[in-house]
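>>> Below are the sequence and a predicted model for it; my questions follow.
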Amino acid sequence: MKTIREHNSVTLKVVILLVLFFKLISLSFGADPKIFNLYSFNGALVFQYQRTIEEEYIFDDLIQDINRNYFEGGVELNFEGSIYHPNLLTFRVDLNLVANKTRNLYFSDEYLNNSLNNTYNINLHFLKKKTTNLQLYAEKNYSTADRRFSERFFMSTNRYGLKLVSSNKLLPLMLDIYRRITLSESISYPERDEQSDNVELKGNFSKISGGRSMFRLKARDYSERVFNSDYKSLNLVTDFLKYYGRGKRNSIFSLFSFRKMTGDIDQEVFRFDVTHRQYLSGILFFLNSYRFVKDNTPNKAGEQHLLGVSLHHQLFDSLNTKLSAGGRFENYIFQKIDALSYNLEFNYRKKIKSGGINITYFLNREKGDYTSKSDIASVSESFSFSISETIVLTTPGISIDSIRLTDNDLMELYVDGVDYQIEILDSIVTINRMPGGAIPASGKIIVSYEFLSFPDYNFIDTTRQFNLNLNIFKYIHFFFRSGSKNQNISSDFLITPFQNYSKNLTGIKFLSKSISSEYSLEDYDSDSSSYVSKNFRLSLGFNITRNLRLTGSTTINRLEYDSKDYYVNFDTYYGSLNFRPNHFIYINLIYRDMNYETQNYFRNRESLIGKFQWNFRKIVFEFFYEYILNEFGNLNKSRNHFILRLRRMF
């Protein structure tokens with residue numbers, strides 16, 4: 001056992017070492033250190049009251065009435081400083097703490113009544129201004145809010161990690177290692193027993209451990225690897241890029257990726273890409289590419305090989321020509337496809353004083369063999385809502401339950417009835433984007449679905465596209481788009497072409513500083529359907545006075561089928577008024593109206609949002625009001641929601 005004298009000796013040695021260490025640090029940084037420095041400190045006291053009334057009616061009969069109230073107070077703190085020396089250790093702390101919570105009229109459980117969000121963020125920087133520095137961070141966030149007419153959700157996220165960054169000229173590197181724990185829960189209002197003391201939350205729990213590393217060799221060669229793993233998913237990505245030749249214009253690029261997911265969506269995909277660009281002259285270059293995909297996803301296992309070589313010719317900035325050839329070889333549990341193709345692309349751009357002229361032509365021809373291995377086939381197609389709020393699927397035998405919509409990067413899965421609406425007429429499927437959903441306006445999406453497979457056949461597909469944009473006037477632009485696809489099929493079975501179509505789109509745009517409008521007419525004709533789509537958009541924004549601004553927009557879309565007595569109407573209206581008479585007062589009013597109608601279905605949604613803010617010295621008073629009315633045939637839902645918030649800065 002150590003004596004007191006031995007303990008004192010060890011303590012003295014530690015103190016001496018610390019003094020020498022801090023003295024060395026102060027000499028290295030060339031500044032007078034201080035034990036504790038506080039650069040900024042601010043915060044606020046927050047008091048908030050919320051009230052929500054939601055009602056549901058069938059005809060005039062009230063079937064559900066939910067009344068919720070929240071009153072609580074909290075404190076916000078933000079401060080930043082350093083310990084001993086700014087370059088040795090700096091810190092930043094952000095806190096948002098709920099100091100008081102009260103019960104509301106709907107839930108009797110105190111745990112469920114927190115409306116203000118909790119946040120604890122701590123960030124530490126070591127050697128912040130040096131070539132090599134280390135960052136440690138810890139974040140804890142708690143958020144809760146109401147989902148209209150349905151439930152209340154709660155989300156808690158804890159994130160811890162370290163980041164090492166070096167800007168050394170010999171070996172620049174970055175390493176980020178973190179751990180994130182997320183708990184997401186919800187409780188449904190209709191299923192909640194107001195008198196019960198038991199809280200039965202529905203949700204999921206996930207732990208994620210991940211990291212990211214990057215280093216750069218020489219000036220242009222680099223390798224990057226990203227990994228992100230948890231109990232349900234694993235993602236590995238690494239790529240390589242090499243420039244060479246005169247002017248470093250030639251390049252070789254390769255990409256390796258592996259993704260595995262288990263849970264609600266099972267997926268396991270391996271992918272390898274390599275691309276080679278070789279310039280023959282200043283305006284002529286070859287582009288060679290190869291892609292290999294190995295998919296071990298259940299019910300979709302198989303592999304794919306894509307080969308391509310293309311010759312690109314660029315004359316000045318006006319004329320671009322591309323001639324390419326390639327092949328695709330797919331072997332999945334549903335089907336097997338072996339095909340060769342070639343295509344020609346032509347693009348001409350000419351700038352003029354009032355705008356410009358743009359002409360694009362595309363021709364693709366593919367010949368191959370299709371071998372059916374199952375009664376079901378699958379496909380993924382890319383679409384855009386840039387012209388219309390409606391897209392049409394004409395492939396016969398589509399399984400409606402298999403339709404999935406994701407974003408263009410396959411990272412977000414959209415929800416039927418919330419983000420989009422599906423309508424069915426015989427073998428024709430229309431998908432309509434819903435305002436207020438997750439699908440962005442003019443957004444690009446991927447539609448995946450399964451359909452009844454065809455017997456074995458040989459095919460020759462020819463696809464043509466022609467685009468013309470004329471900006472010959474200062475404010476008025478014309479555009480014309482034409483496309484077609486013809487499929488010739490030969491088989492021992494009786495099979496008719498099932499993807500033949502032609503479509504023409506003609507439109508005009510008016511663009512000015514305050515007003516923009518667009519009208520387009522689309523004529524679509526295929527083997528299974530024919531329709532005409534009329535689309536009109538109008539947006540405006542201007543200042544009525546110096547402090548009063550008005551903005552608004554409307555979208556009208558009508559889809560009419562020639563062979564069927566069927567139509568789809570989709571209209572949206574938006575208006576906003578902003579008033580700021582001085583630096584102390586701000587008023588904002590927003591009105592939205594959405595109508596969706598077919599022969600068998602009608603839906604209307606109206607909403608009004610009002611915001612008021614008053615600043616007086618260090619006091620901020622805010623008022624928010626929202627009114628929503630949803631109509632689904634005989635079912636009506638209304639929501640009144642307002643918030644009063646008082647903030648006292650210090």
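Sure thing, it's come through.
>>> Leu452: how many residues sit nearby?
12 (other Cβ atoms under 10 Å). Backbone N, C-alpha and C define where each C-beta goes, glycine included.
>>> likewise Leu559?
By the criterion of other Cβ under 10 Å, Leu559 has 24 neighbours.
>>> what about the closest residue to it other than its chain neighbours, how many neighbours?
Computed as Cβ to Cβ, 6 or more residues apart in numbering, the closest residue to Leu559 that is not its neighbour in sequence is Val568, at 4.1 Å. Using other Cβ under 10 Å, Val568 is surrounded by 24 other residues.
>>> Correct me if wrong, but Val568 is in a strand.
Yes - assessed by DSSP: H, G, I helix; E, B strand; the rest coil, Val568 belongs to a strand.
>>> which residues sit in contact with it?
Counting by Cβ atoms under 8 Å, 6 or more residues apart in numbering, Val568 makes contact with 390, 423, 430, 432, 557-559, 597-598.
>>> Which strand residues bridge it?
Counting by DSSP bridges, Val568 is bridged to Leu559, Thr598.
>>> among the contacts of Val568, which ones are buried?
Neighbour-count burial (16 or more other Cβ atoms under 10 Å) applied to the contacts of Val568 gives 390, 423, 430, 432, 557-559, 598.
>>> now the helices: where do they sit in the chain?
For the chain, applying DSSP state H gives helices covering 4-29.
>>> What is the least confident helix or strand in it?
Within the chain, confidence by mean pLDDT, DSSP states H and E is lowest for strand 221-230 among all helices and strands, at a mean of 34.
>>> wait, which of the contacts of Val568 is closest to Asn634?
Closest approach between those and Asn634, by Cβ to Cβ: Glu597, at 15.1 Å.
>>> what's the closest non-adjacent residue to that closest one?
Excluding its sequence neighbours, the residue lying closest to Glu597 (Cβ to Cβ, 6+ apart) is Asn569, at 4.4 Å.
>>> cool, and Phe41?
Nearest non-adjacent residue to Phe41 (Cβ to Cβ, 6+ apart): Phe79, at 4.3 Å.
>>> So for that neighbour, what pLDDT did the model give?
For Phe79, the pLDDT comes out at 84.
>>> My guess is it contacts Thr90. True?
No - in this structure, Phe79 is not within contact of Thr90 by Cβ atoms under 8 Å, at 11.7 Å.
>>> If you count surrounding residues, which of those two has more?
Thr90 (22 against 15).
>>> residue contacts, the more buried one?
The contact partners of Thr90, by Cβ under 8 Å, 6+ apart, come to 80-83, 124-125, 128.
>>> For it, give its distance to Pro172.
Thr90 sits at a distance of 22 Å from Pro172 (criterion: Cβ to Cβ, to the nearest Å).
>>> Ok, Gln599 next?
Noted for Gln599: a distance of 64 Å to Pro172, by Cβ to Cβ.
>>> and what of Met594?
Applying Cβ to Cβ, the value for Met594 to Pro172 is 51 Å.
>>> These two: which is more packed in?
Met594 (19 against 15).
>>> Tell me what that one is bridged to.
Per DSSP bridges, the residues bridged to Met594 are Thr572, Arg605.
>>> Pretty sure it sits against Asn569.
No - judged on Cβ under 8 Å, Met594 makes no contact with Asn569 at a distance of 11.3 Å.
>>> for the residue nearest to Phe41, what are its contacts?
Counted by Cβ under 8 Å, 6+ apart, Phe79 has contacts 38, 40-42, 92-93.
>>> same thing with Tyr591?
573-576, 606-609.
>>> Need the buried ones from those selected in PyMOL.
Typed into PyMOL, the next command selects the buried ones out of the contacts of Tyr591 (criterion: 16+ other Cβ under 10 Å):
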select buried, resi 573+574+575+576+606+607+609
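>>> Redo the contacts of Tyr591 as JSON lines? Include pLDDT and distance to Phe621.
Shown next, in JSON lines, are the contacts of Tyr591 (pLDDT from 0 to 100; distance: Cβ to Cβ, whole Å):
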{"residue": "Tyr573", "pLDDT": "91", "distance to Phe621": "31"}
{"residue": "Tyr574", "pLDDT": "90", "distance to Phe621": "27"}
{"residue": "Gly575", "pLDDT": "93", "distance to Phe621": "25"}
{"residue": "Ser576", "pLDDT": "93", "distance to Phe621": "22"}
{"residue": "Glu606", "pLDDT": "89", "distance to Phe621": "28"}
{"residue": "Ser607", "pLDDT": "90", "distance to Phe621": "24"}
{"residue": "Leu608", "pLDDT": "91", "distance to Phe621": "21"}
{"residue": "Ile609", "pLDDT": "91", "distance to Phe621": "18"}
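>>> which one of the contacts of Tyr591 sits closest to Arg249?
For these, the nearest to Arg249 is Tyr574 (47.4 Å; Cβ to Cβ).
>>> ok, the closest one to Tyr625 distance?
For Tyr574 relative to Tyr625 (Cβ to Cβ), the value is 18 Å.
>>> cool, and Leu88?
Relative to Tyr625, and taking Cβ to Cβ, Leu88 is found at 50 Å.
>>> got it, and Gln421?
In terms of Cβ to Cβ, Gln421 sits 28 Å off from Tyr625.
>>> Can you say which of the contacts of Thr90 are buried?
80-82, 124-125, 128.
>>> Flag the shaky bits of the stretch 1-150 of the chain, pLDDT-wise.
For the stretch 1-150 of the chain, the stretches flagged by pLDDT under 70 are 1-34, 85, 87, 98-118, 128-130, 145-150.
>>> Can you get me a residue count around Thr297?
That count, for Thr297 with other Cβ under 10 Å as the rule, works out to 17.
>>> Equivalent analysis for Asp571, please.
Neighbour count for Asp571, taken as other Cβ under 10 Å: 17.
>>> How about Met434?
22.
>>> from what I can see it touches Val415, true?
No - in this structure, Met434 is not within contact of Val415 by Cβ under 8 Å, at 9.5 Å.
>>> What average pLDDT does stretch 385-392 get?
On average, stretch 385-392 scores 74.
>>> got it, and stretch 360-375?
Mean pLDDT, computed over stretch 360-375, is 89.
>>> which parts of that stretch are buried?
Along stretch 360-375, these residues count as buried under the neighbour rule (16+ other Cβ under 10 Å): 360-362, 364, 366-368, 370.
>>> These in strands, which ones?
The strands in this structure, assigned by DSSP state E, contain 360-362, 364, 366-368, 370 from these.
>>> show me what contacts the closest residue to Asn331 other than its chain neighbours?
Of all residues not flanking Asn331 in the chain, Gly302 sits nearest, at 5.3 Å (Cβ to Cβ, 6+ apart). Going by Cβ under 8 Å, 6+ apart, Gly302 touches 295, 330-334.
>>> can you tell me how far the closest residue to Asn158 other than its chain neighbours sits from Leu577?
The shortest distance from Asn158 to any non-neighbouring residue, by Cβ to Cβ, 6+ apart, is to Ile181 (4.5 Å). Remark: distance between Ile181 and Leu577 (Cβ to Cβ) = 44 Å.
>>> which regions of the stretch 501-650 of the chain lie under the pLDDT threshold?
Applying pLDDT under 70 to the stretch 501-650 of the chain picks out residues 528, 563-565.
>>> Would you map the strands across it?
501-511, 515-526, 530-543, 548-561, 567-579, 585-598, 602-616, 619-632, 635-649 (DSSP state E, counting those that start in this stretch).
>>> I am finished for the moment; much appreciated.
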